[in-house]
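[1] coordinates only, sequence not included:
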């Protein structure tokens, strides 16, 4: 039975029937079926009458009222605008025109009334802020993010995001991200990255394929770090505890059986992620106060209703594992500890058993599950969605992109920026300390990159954080003006640029030694259809730019201008 037949068979009156048809017809295409299912669920297969507060009510009338309330919520959230690029473009243009005809104070009040967060910081000036507010490009990005998240939060509350409907993310949002991904890939194929010094070029699509936007490379780097932490722990006699941490039940709008959660407090996935982050910050502060060394990797993934939860592997000295457990449990149960099942399900621990597998093997499952479903993990059935993991990967990645949730985070150890800068360099260095670091990340026929070796060269796991940050060499981006002078390259909004990493810097034998890692400046150019791939050769040049994309895991070069 289609939507029209269903509504016709269960109409309360001709007016309600016409109103329901109008509401469903104006809803986004991918929401219409969910609206009809919701209407059918409330109305029931037969009309039921009941008495409430002295009034005679019936299920068909309840379904019509619920449909009208849902329509009002969809209108307030501007759902049709959120998932339509043309509508967002028009809204952005209108907003820019309003700000153009207003003073700075009026423009900022208008933006805040729209729910848009304005940038803050010492580099932001009134002039640069006004430049943003009168730019339709700036408004387009902010409105797309804001409206899409608001619409998704409404869908989640209405039951469109759950195991029984669309797990992790709504169908509209998934389709929107698919379209954006397709447009992004099409744009990459049209662009070339051109070296300013040599004139050589390479297709931007090839650069993206060799960067961390490639799921295989992203998963590989995470596994290298996970394996490195495992090797460090084994060499130092440390043990691993595997942790599953969740938010209180009040952050979940829907129960696993598909029923509405009566304790739901209206929170969004971003608010649930913030709650988890605050708990971890408190636990980390307490562990640091007691001088307990902890390191590992954290993975965030969604429940069926889009609420995030964490999986962590934490390495610590064997004698300190009990302290890690006690502090984490105490912090996670500090709020809403009396809710049913909190003590049993809020936070769970499993100690590493060498006979069953390592901590690296435990987190490898969740790394693959949340990136590309590689290996045997992809054939497993997800407990949350009831579908193969390989089919869930796209939804999980889209969920993280939509809500701006960081899926993976390293806990302790050297900053990954140092690893990636060293991976850019392929020529030997005449400074022994820097050369030892370079060799730890170098990949040859006889050796593989070793995260544990890098930690060892930095002085051990306890000192690697400060040592890695101190090695990065920063400088403000500069460009050549019309008179041939090197000047600061201001941002698009006319602000002073933030210092960028240009290489490594170390004091060795009372001298400052530098290792440039960005030896060329690159700019983007639209690619002629007849131009094929062009090889890139890295040589000496301006150290303020971007290096060979074929020899690095970095992203595309910055746009000049």
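    Ah, there it is. No experiment lies behind these values; they were computed from the predicted model shown.
[2] Touching, residue 256 and residue 164? I think so.
    No. Taking C-beta atoms under 8 Å as the definition, residue 256 is not a contact partner of residue 164, at 9.8 Å. For every residue, glycine as well, the C-beta is placed using N, CA and C.
[3] would you list every one of the strands in the stretch 151-300 of the chain?
    Under the criterion DSSP state E, counting those that start in this stretch, the stretch 151-300 of the chain contains strands at 191-195, 201-203, 238-245, 295-302.
[4] Which among the ones you listed is found nearest to residue 56?
    strand 295-302 (42.4 Å; C-beta to C-beta).
[5] Tell me which other helices or strands that closest one touches.
    helix 215-236, helix 269-289, strand 308-317, helix 359-369, helix 389-403, strand 408-411 (3 or more C-beta pairs under 8 Å, 6 or more residues apart in numbering; DSSP states H and E).
[6] Could you provide the ones you listed in a markdown table, with additional columns for mean pLDDT, mean neighbour count and distance to residue 116?
    Listed next are these as a markdown table, based on pLDDT from 0 to 100; neighbours: other C-beta atoms under 10 Å; distance: least, C-beta to C-beta, whole Å:
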| stretch | mean pLDDT | mean neighbour count | distance to residue 116 |
| --- | --- | --- | --- |
| helix 215-236 | 94 | 19 | 31 |
| helix 269-289 | 96 | 17 | 16 |
| strand 308-317 | 96 | 23 | 24 |
| helix 359-369 | 92 | 22 | 34 |
| helix 389-403 | 93 | 21 | 17 |
| strand 408-411 | 95 | 17 | 27 |
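[7] between those, which gets nearest to residue 525?
    helix 215-236 (25.0 Å).
[8] what inclination does the closest one have with respect to helix 389-403?
    Interaxial angle, helix 215-236 versus helix 389-403 (axes from the mean of the first three to the mean of the last three C-alpha atoms, to 10 degrees): 90 degrees.
[9] Can you tell me what sits against helix 215-236?
    210-212, 238-240, 295-297, 313, 315, 317, 358-360, 363-364, 367-368, 371-372, 374, 408, 410, 413, 416, 449-456, 461, 553 (C-beta atoms under 8 Å, 6 or more residues apart in numbering).
[10] got a list of what residue 247 touches?
    Residue 247 touches 272, 275-276, 307-309, counting by C-beta under 8 Å, 6+ apart.
[11] Identify the spatial nearest neighbour of it, chain neighbours not counted.
    residue 272 (4.5 Å; C-beta to C-beta, 6 or more residues apart in numbering).
[12] separation between that neighbour and residue 88?
    26 Å (C-beta to C-beta, to the nearest Å).
[13] likewise residue 309?
    31 Å.
[14] likewise residue 277?
    Residue 277 is 29 Å from residue 88, by C-beta to C-beta.
[15] Same question for residue 415.
    36 Å.
[16] Highest mean neighbour count out of the strands of the stretch 151-300 of the chain?
    Among these, ranked by average contacts under mean count of other C-beta atoms under 10 Å, first place goes to strand 295-302 (a mean of 24).
[17] Would you give the sheet partners of that strand, along with the direction of each?
    strand 308-317 (antiparallel), strand 408-411 (antiparallel) (DSSP bridges).
[18] For residue 326, which of these is the nearest?
    Taking those one by one with C-beta to C-beta, strand 308-317 is closest: 12.2 Å.
[19] Make a markdown table out of the strands paired with strand 295-302 and add distance to residue 200.
    Formatted as a markdown table, the strands paired with strand 295-302 follow (distance: least, C-beta to C-beta, whole Å):
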| stretch | distance to residue 200 |
| --- | --- |
| strand 308-317 | 43 |
| strand 408-411 | 34 |
